[in-house]
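> sequence and computational prediction follow.
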Amino acid sequence: NYVWAAAVVSSRAFTESLVSGTAGSDGETSVLLPLLDMMNHRPLTRVSWITNDATIGFQAGAVIEAQSEMVNNYGAKSNEELLLGYGFCIPGNPLSCYHIKLNYSRDPQAADKQMILEQAHIASCDHYIRADGLPRDLLPMLRVMVMTETDVYYVKQAMARGEEPKLGQLGLRIELRARFLLAFLLRKKLDALPQIECVPSTENGRQAVLYRKEIESILRSTLSDLDKSENDLHSLPRYVCDNGQQVETIDEQLNTSAEDRLVAESSDDQQSRSKKSRTVLPAQQFVDDVLVTEESFAHDADFLAAVEQVDIDEDVLLVLFILRIRMCSALPWHTAVQRLESFKHPMLVYDDPDTAEAYGEMMMEMGEVHDSLFPLLTEHFPDVFPPENFTPELFLWAAGVTESFRLEVPARCVDAADGCDVE
């Protein structure tokens, strides 16, 4: 009986401030208004409440025809709020949304990322996804969450110069990582939704099914939009970060560099660049001319034959291959790697004592890796690893490029055993 009475009050009560006409407080009293509390909710309906010391009145915002229902507007409430607070859902509720709460508290760089977000005026980790699009601050927050140490370092450098972080302009790599992360989170939520095998016999059960189907629809439509944008690489924003200096897109008539130049014109386009124009590569050509993976080794038969004879970690192989690309103009990624020669990983910024100390261990580790490989590789494969192209300084530069510009994403395939998607 108590639970029933509590539900009656919680689902029908009005706030004391509605009766008094004054601003409410966190601990204000609930008030029951017989007859008025019988009106059902209809989203976006215009209504007015008129109060004085003796009376309280309800005024509809439009003409109510005879024999038609009088309705109230409980406020801008999603179906989740309606189901939990009142026990019903509105089919096709335009305010329906899916709540997602981002958490980066375990990130080693959480304090710096929080500072970046605060400077960008993003305070809340709560986001509400609707069928008609993503909330304004969701992708900007995800872009900060997926930043590498290098990204954070250069954004902080820009902030130290008095620049506000521009979280819509952080590079194609970060854009893809942010979208992949969001898709991963939403797929995880979608997979966790229980399957409905039969129609519930109770009204409460049917309302819960309505809510669940609506959430599933929001998740699927959002994932569909994300998949489309991921697949259409050349339509994504191409923003850049050249040694920490954020710049606009070429469409806004400013220079491009670093990461953006990976999809820009060829090296002999100096005249076009001076006119602030470029050739945007189609998506597949972008992948062929910029993306470097282990499969890329097949384009360099000498390098592939050499590394197959030694036991080297995958990450180190990519570092060595970056240096091979730098020295071999015939390789399709040569122009892209050339664009990065001026890039400096924070560990190479010697004029910053704090940075040098923070990355000292990483530099020592990379130095030890280089010393374990050279001059041994040069002695056995002199044509593949000439000493002038594999110096300790160049090795550190290539290691910084690999660490800063790598893109790790989950691979989706179908497991033959049970037909399930596997990340």
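Cool, the structure landed. Numbers count the residues shown, from 1 in each chain.
> which residues does residue 56 bridge with?
Beta-bridge pairing for residue 56 (DSSP bridges): residue 51.
> and the contacts of the helix or strand in which residue 116 is found?
Residue 116 belongs to helix 110-119 when assigned by DSSP states H and E. Residues from elsewhere that reach helix 110-119, judged by Cβ atoms under 8 Å, 6 or more residues apart in numbering: 104, 107, 123, 141, 144-145, 147, 152, 155-156, 159, 164-165, 167. From N, CA and C alone the C-beta is placed, and that goes for glycine too.
> mind running it again at 10 Å?
103-105, 107, 109, 122-125, 137, 140-141, 143-147, 149, 151-153, 155-156, 158-159, 163-165, 167 (Cβ atoms under 10 Å, 6 or more residues apart in numbering).
> and if you look at stretch 29-40?
So stretch 29-40 is contacted by 8-20, 45, 47, 49, 56-58, 60, 69-74, 86, 88, 90 (Cβ under 10 Å, 6+ apart).
> low-confidence stretches in the stretch 1-150 of the chain?
Within the stretch 1-150 of the chain, the stretches with pLDDT under 70 are 19-27.
> quick one: the helices in it?
2-12, 16-20, 79-86, 110-119, 138-145, 149-160 (DSSP state H, counting those that start in this stretch).
> for residue 112, grab the count of nearby residues.
18 (other Cβ atoms under 10 Å).
> now swap in residue 198 and tell me
For residue 198, using other Cβ under 10 Å, the count is 7.
> thought residue 70 was touching residue 60?
Yes - under the criterion of Cβ atoms under 10 Å, residue 70 makes contact with residue 60 at 6.9 Å.
> give the residues shared as contacts by those two.
39, 47.
> circling back to that earlier point, most packed of the helices of the stretch 1-150 of the chain?
Comparing those by mean neighbour count (mean count of other Cβ atoms under 10 Å), helix 138-145 comes out on top with a mean of 22.
> tell me what angle that helix forms with helix 149-160.
110 degrees (axes from the mean of the first three to the mean of the last three Cα atoms, to 10 degrees).
> and residue 149, how close does it get to residue 401?
From residue 149 across to residue 401, the span is 14 Å (Cβ to Cβ, to the nearest Å).
> so what's in contact with those two at the same time?
Counting by Cβ under 10 Å, 6+ apart, the common neighbours of residue 149 and residue 401 are residue 345.
> I'd like to know which elements whichever helix in the chain runs longest is packed against.
Assignment by DSSP state H gives helix 203-231 as the longest helix of the chain. Other helices and strands packing on helix 203-231, by 3 or more Cβ pairs under 10 Å, 6 or more residues apart in numbering; DSSP states H and E, are helix 79-86, strand 98-101, strand 126-129, helix 172-192.
> now it: buried residues?
207, 208, 210, 211, 212, 214, 215, 218, 219, 222, 223, 226 (16 or more other Cβ atoms under 10 Å).
> cool, and stretch 333-353?
For stretch 333-353, the neighbour count (16+ other Cβ under 10 Å) marks 333-337, 339-340, 343-349 as buried.
> quick one: average pLDDT of it?
Mean per-residue pLDDT for stretch 333-353: 80.
> what's the local residue count around residue 93?
Neighbours of residue 93 (other Cβ under 10 Å): 21.
> hang on, isn't it packed against residue 217?
No - at 11.5 Å, residue 93 does not count as touching residue 217 under the criterion of Cβ under 10 Å.
> list the contacts for residue 92?
Here residue 92 is in contact with 43, 79, 131, 214 (Cβ under 10 Å, 6+ apart).
> how near is the third one to residue 300?
The gap separating residue 131 from residue 300 is 48 Å, by Cβ to Cβ.
> need the helices and strands packed on helix 203-231 in a markdown table with distance to residue 357, can you?
A markdown table is the format used below for the helices and strands packed on helix 203-231 (distance: least, Cβ to Cβ, whole Å):
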| stretch | distance to residue 357 |
| --- | --- |
| helix 79-86 | 49 |
| strand 98-101 | 35 |
| strand 126-129 | 37 |
| helix 172-192 | 26 |
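> quick one, which of the ones you listed is nearest to residue 367?
Closest of the helices and strands packed on helix 203-231 to residue 367 is helix 172-192, at 26.4 Å (criterion: Cβ to Cβ).
> what comes up buried for that closest one?
For helix 172-192, burial by neighbour count (16+ other Cβ under 10 Å) applies to 172-183, 186-187, 190.
> next one: it to chain centre, how far?
7 Å (Cα atoms, centre = their mean, to the nearest Å).
> now swap in stretch 151-168 and tell me
Worked out by Cα atoms, centre = their mean, stretch 151-168 lies 18 Å from the chain centre.
> I'd like to check which residues are in contact with the spatially closest residue to residue 138 that is not a sequence neighbour.
In this structure, residue 138 finds its nearest non-sequential neighbour in residue 127, 4.4 Å apart by Cβ to Cβ, 6 or more residues apart in numbering. Going by Cβ under 10 Å, 6+ apart, residue 127 touches 97-102, 134-139, 141-142, 182.
> so what sits opposite residue 127 in the bridge?
Counting by DSSP bridges, residue 127 is bridged to residue 100.
> could we number from 30 for the rest of this?
Taking 30 as the first residue, the last one we looked at is residue 156.
> gap between it and residue 180?
Noted for residue 156: a distance of 21 Å to residue 180, by Cβ to Cβ.
> what sits closest to residue 218 if chain neighbours are left out?
Residue 218 sits nearest to residue 248 (Cβ to Cβ, 6+ apart), 6.2 Å away.
> check contacts around the residue nearest to the spatial centre of the chain.
The chain has residue 207 as the residue nearest its centroid, 2.5 Å off, counting by Cα atoms, centre = their mean. Contacts for residue 207 (Cβ under 10 Å, 6+ apart) come out as 167, 168, 169, 170, 171, 172, 173, 174, 175, 176, 196, 199.
> thought the fifth one was touching residue 211?
Yes - using Cβ under 10 Å, residue 171 is in contact with residue 211, at 5.7 Å.
> hey, what's in contact with both of the two?
Common neighbours of residue 171 and residue 211 (Cβ under 10 Å, 6+ apart) are 131, 156, 163.
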